[in-house]
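Visitor: I'd like to go over a predicted model; first the sequence, then the structure.
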Amino acid sequence: MTAETRLKIKSLAKALKILECFKNSPEMGISEISKKMGLYKSNVYDILVTFEALGYVGRNKNGKYHLGFKILELSHVITGYMGFRRNTYPRMLKIAEETGETVYLGIPDGTDVLYLDAAYPSSVLNTRSILGERIPMYCTGIGKAILANLGKDIRDLVFTQPKTKFTENTILDKQQLHDSLTEILTRGYAVDNMEHERGIKCVGAAIINDLDEAAAGISISGPSLRFDEVSIPRFAKLLKEEVQELRLYF
């Protein structure tokens, strides 16, 4: 059963989809949202006015809308019960400093990876927040490491659902992806060989919970030129050691 067939209140789903428009565009006008969603401007206006009254969106002097502080309140509730981040971040920062690369934390969310945190080495000045970003599992280091350690139902869904070819290295073939996941299980880590972004490689490992399934994953990510035959095994060894300790928190 797809997410679409599970929708019971279509108008509510439509309203929430309007909120999701702000993920990539911090400020949007009614006309922009109307065009993006394929909805009448009057419908978009009614939904936004309701969200504004409840604090879920705000409006600037230029008339454009943005997410409101009520969203921030709800996010604090989520981060409050995700206490494992307090335990994972120091270890992530340790890895970042030791490798000189960026370290990410993500959890499975359907067939995607939801990125929760990032640690940067002190030598890195320009950074971007990835909190809340979702990327398909089949094309990232964290995602493939997690997917290899999830149940057959999720893997089969990933195998059969439509896929986006982000780069020339993105794995789309079902058998090739299956073989890749088998290899990941054997060696205990995954490699993203510029499969999601050109020029970026990642080494990822899954954090296994008490049910012997992937609860999360961490990865070391950086420019492809720095991920060679010497550094990748070193990064993998470091990650495998750390995930054994991190499983205590999941």
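Guide: Perfect, thanks for sending it.
Visitor: following the helix-or-strand element of the chain with minimal mean pLDDT, which helix or strand comes up?
Guide: Among the helices and strands of the chain, helix 69-81 carries the lowest confidence by mean pLDDT, DSSP states H and E, at a mean of 68. The C-terminal neighbour of helix 69-81 among helices and strands, as given by DSSP states H and E, is helix 84-99.
Visitor: show me which residues of that following helix are buried.
Guide: 84, 88-89, 91-93, 95-96, 99 (16 or more other Cβ atoms under 10 Å). Using the backbone N, CA and C atoms, a C-beta is placed for each residue, glycine as well.
Visitor: and for stretch 59-69?
Guide: Buried residues in stretch 59-69 (16+ other Cβ under 10 Å): 64-65, 67-68.
Visitor: got it, and stretch 17-24?
Guide: For stretch 17-24, by 16+ other Cβ under 10 Å, it's 18-19, 22.
Visitor: residue 152: which of those residues is nearest?
Guide: Closest approach to residue 152 among those (Cβ to Cβ): residue 19, at 33.4 Å.
Visitor: show me the helices in this protein, by range?
Guide: 10-20, 30-37, 41-54, 69-81, 84-99, 141-147, 152-160, 174-187, 231-246 (DSSP state H).
Visitor: out of those, which is closest to residue 167?
Guide: Closest among these, once you apply Cβ to Cβ, is helix 141-147, at 13.9 Å.
Visitor: for that closest one, which helices and strands make contact with it?
Guide: When contacts are defined as 3 or more Cβ pairs under 8 Å, 6 or more residues apart in numbering; DSSP states H and E, helix 141-147 packs onto strand 102-109, strand 112-119, helix 152-160, helix 174-187, strand 190-193, strand 200-208, strand 214-223.
Visitor: of all the buried residues of helix 84-99, which comes closest to residue 222?
Guide: Of the buried residues of helix 84-99, the one sitting nearest to residue 222 (Cβ to Cβ) turns out to be residue 99, at 8.0 Å.
Visitor: for residue 22, see how far away the closest one is.
Guide: Per Cβ to Cβ, to the nearest Å, residue 99 is found 34 Å from residue 22.
Visitor: out of the helices and strands packed on helix 141-147, deepest packed?
Guide: strand 200-208 (a mean of 27; mean count of other Cβ atoms under 10 Å).
Visitor: quick check: angle from that strand to helix 231-246?
Guide: Here strand 200-208 runs at 30 degrees with respect to helix 231-246, directions being taken by axes from the mean of the first three to the mean of the last three Cα atoms, to 10 degrees.
Visitor: list of residues touching strand 200-208?
Guide: By Cβ atoms under 8 Å, 6 or more residues apart in numbering, the residues outside strand 200-208 that reach it are 104, 140-146, 148-149, 188-194, 214-224, 227, 232, 235-236, 239-240, 242-243, 246-247, 250.
Visitor: kindly export it (C-alpha atoms) in CSV.
Guide: Taking C-alpha atoms only, strand 200-208 is exported to CSV below (Å, rounded to 0.1, in the frame of the first residue of the first chain):
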residue,chain,number,x,y,z
ILE,A,200,31.6,13.6,-3.4
LYS,A,201,32.3,10.2,-2.0
CYS,A,202,31.1,8.7,1.3
VAL,A,203,31.8,5.8,3.5
GLY,A,204,28.9,4.7,5.7
ALA,A,205,28.1,2.2,8.4
ALA,A,206,24.9,1.2,10.0
ILE,A,207,24.2,1.4,13.8
ILE,A,208,22.4,-1.9,14.7
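Visitor: report the mean per-residue pLDDT for it.
Guide: For strand 200-208, mean pLDDT rounds to 95.
Visitor: and what of stretch 55-65?
Guide: So the average pLDDT for stretch 55-65 ends up being 90.
Visitor: stretch 93-101 too?
Guide: 94.
Visitor: same deal with stretch 239-246?
Guide: On average, stretch 239-246 scores 90.
Visitor: any buried residues in that stretch, and which?
Guide: Residues of stretch 239-246 classed as buried: 239, 242-243, 246 (neighbour count, 16+ other Cβ under 10 Å).
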